[in-house]
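Enquirer: All I have is the shape, not the residue letters:
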């Protein structure tokens, strides 16, 4: 099917945002007053790539589904003032509106009070924007920026969906579920972490991923980096923000790792370092080429955020996971990693005092033992939940249709 965004004939401005209408008027949906029906969605979320990239998969499904049903589709994003976030969102073709944000903390800090001021300001900004735009549905992917829009949507009686990717819900999700109409979780067992009084709102969708196994092109990635197809490829990822612990392990053991294979290393913008070595490439952040790189990867070394794990599972890549510890997180990455490791679907290295010798030995053993990698991939199949993006998109459309009656008529 052609990309719907290429069909300019029915692509036009509607209020402040672009309206995507693919089908001719005679095949579109109309409400009971005979007015053309538009599915208008407000996305919100941010802070890290894990709160942003899964939404793009849902957005693609919404474009596809509304194209099939004859509904017009319109969307915008309420997010933070982060330039990186805005760049990711607008590059995906989604209009981005910034509101003030403040971090939600589980610990005592003098920053609590100024952060709460920003949260309150962000709430009134979100209230004003949502009242003006009147979206049919608000979809939250979590992160502290999502809380003011979710609360504002509840006050305006805008149906709201919130999605949590991790085994343990974050603080933003804990707040959002009180105001949301639907709560999406990654797998069945995760419901135990939610209060019983809201479990009737919970549906199991899995974690949306932008990756598609059949679209990854290993040869293209190898050509891009000048790598040989005869040597293994190690992919080192520290998340969109980088991971100094993983970076230091790689840099301290670079000589030994290069004896094992070729290395693509995402360092993060803040900790980027240029090192010129044959067979080693460092990149601040991998965006559009990730699908091809994963297709070429023999072993990935990564943190264990749920979005990254969904990508690895979709692309069938053996994993060495180094979860973020309790000193810097609520323990969600530890739970994510252990869930896979218990079934043999990943190798997990925990602790802040990981030696480079142990790190190298784990990676080397996995690269050299084909049988171990095959067994790992076989065990990982039980954790794959395909179609999360479509399930969520269908739920968005169901809520939008519930909000207003509509019927199909022959117009034009």
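Expert: Arrived safely. All values derive from a computational prediction rather than experimental measurement.
Enquirer: For the residue nearest the centre of the chain, give its distance to residue 308.
Expert: Central residue of the chain (CA atoms, centre = their mean): residue 54, 2.9 Å from the mean position. The spacing between residue 54 and residue 308, counted by CB to CB, to the nearest Å, is 11 Å. All C-beta spots, glycine's among them, are computed from the backbone N, C-alpha and C.
Enquirer: about what we covered before: would you say the residue nearest to the centre of the chain is within a helix?
Expert: Yes - using DSSP: H, G, I helix; E, B strand; the rest coil, the secondary structure at residue 54 is a helix.
Enquirer: change the start of the numbering to 856 and stick with it
Expert: Sure, I'll start counting at 856 from here, so that last one is residue 909.
Enquirer: show me the contacts for it.
Expert: Residues in contact with residue 909 (CB atoms under 8 Å, 6 or more residues apart in numbering) are 996, 1018, 1020, 1062, 1063, 1064, 1065, 1162, 1165, 1244.
Enquirer: Isn't the third one up against residue 1163?
Expert: No - in this structure, residue 1020 is not within contact of residue 1163 by CB atoms under 8 Å, at 9.7 Å.
Enquirer: where do the contact lists of these two overlap?
Expert: The contact sets of residue 1020 and residue 1163 overlap at residue 905 (CB under 8 Å, 6+ apart).
Enquirer: What's the biggest helix in the protein, counting residues?
Expert: The helix of greatest length in the chain, counted in residues with DSSP state H as the criterion, is given as helix 967-988.
Enquirer: Paired strands for the helix or strand following that helix, with orientation please.
Expert: Secondary structure here is assigned by DSSP states H and E; on that basis, the next helix or strand after helix 967-988 toward the C-terminus is strand 992-995. Here strand 992-995 has these sheet partners by DSSP bridges: strand 893-899 (parallel), strand 1015-1018 (parallel).
Enquirer: Excluding its own residues, what touches strand 992-995? List them.
Expert: Residues outside strand 992-995 that contact it (CB under 8 Å, 6+ apart) are 894-900, 910, 913, 985, 1001, 1004-1005, 1008, 1013-1018, 1031, 1035, 1247, 1251, 1254-1255, 1258.
Enquirer: average model confidence for it?
Expert: Here strand 992-995 scores 98 as its mean pLDDT.
Enquirer: coming back round to it: which of the contacts of residue 909 sit farthest apart?
Expert: Set against one another by CB to CB, the contacts of residue 909 have their most distant pair in 1018 and 1065, with a gap of 14.6 Å.
Enquirer: Spit out the contact partners of residue 940.
Expert: By CB under 8 Å, 6+ apart, the residues touching residue 940 are 901, 902, 907, 934, 951.
Enquirer: and of those, the nearest to residue 1153?
Expert: Within the contacts of residue 940, proximity to residue 1153 (CB to CB) peaks at residue 907, which comes in at 28.0 Å.
Enquirer: Just give the number of residues close to the closest residue to that closest one other than its chain neighbours.
Expert: Counting by CB to CB, 6 or more residues apart in numbering, the nearest residue to residue 907 once its immediate chain neighbours are dropped is residue 943, at 5.5 Å. For residue 943, the tally of surrounding residues (other CB atoms under 10 Å) stands at 23.
Enquirer: So which bits of stretch 1249-1261 are buried?
Expert: Of all the residues in stretch 1249-1261, those buried under the rule 16 or more other CB atoms under 10 Å are 1250, 1251, 1252, 1254, 1255, 1256, 1261.
Enquirer: which secondary structure elements does the one helix or strand the first one maps to contact?
Expert: Yep, that's residue 1250 we're talking about. Residue 1250 is located in helix 1243-1258, with elements delineated by DSSP H and E. When contacts are defined as 3 or more CB pairs under 8 Å, 6 or more residues apart in numbering; DSSP states H and E, helix 1243-1258 packs onto strand 893-899, helix 908-924, strand 992-995, strand 1015-1018, strand 1037-1040.
Enquirer: make it 6 Å
Expert: Under the contact definition 3 or more CB pairs under 6 Å, 6 or more residues apart in numbering; DSSP states H and E, helix 1243-1258 sits against helix 908-924, strand 992-995.
Enquirer: Quick check: next helix or strand after the last one?
Expert: Per DSSP H and E, the first helix or strand lying C-terminal to strand 992-995 is helix 1002-1010.
Enquirer: and the angle from that next one to strand 893-899?
Expert: Here helix 1002-1010 points in a direction 140 degrees away from that of strand 893-899 (axes from the mean of the first three to the mean of the last three CA atoms, to 10 degrees).
Enquirer: roughly how far is helix 1002-1010 from the heart of the chain?
Expert: 21 Å (CA atoms, centre = their mean, to the nearest Å).
Enquirer: So which residues make contact with stretch 1098-1111?
Expert: 1091, 1093, 1120, 1122, 1126, 1158, 1177, 1211, 1214, 1215 (CB atoms under 6 Å, 6 or more residues apart in numbering).
Enquirer: Of those residues, which belong to helices?
Expert: With helices defined by DSSP H, the entries of the contacts of stretch 1098-1111 inside them are 1211, 1214, 1215.
Enquirer: follow-up on the earlier one: weed out the non-buried ones from the contacts of residue 909.
Expert: Among those, those buried by neighbour count (16+ other CB under 10 Å) are 996, 1018, 1020, 1062, 1063, 1064, 1065, 1162, 1165, 1244.
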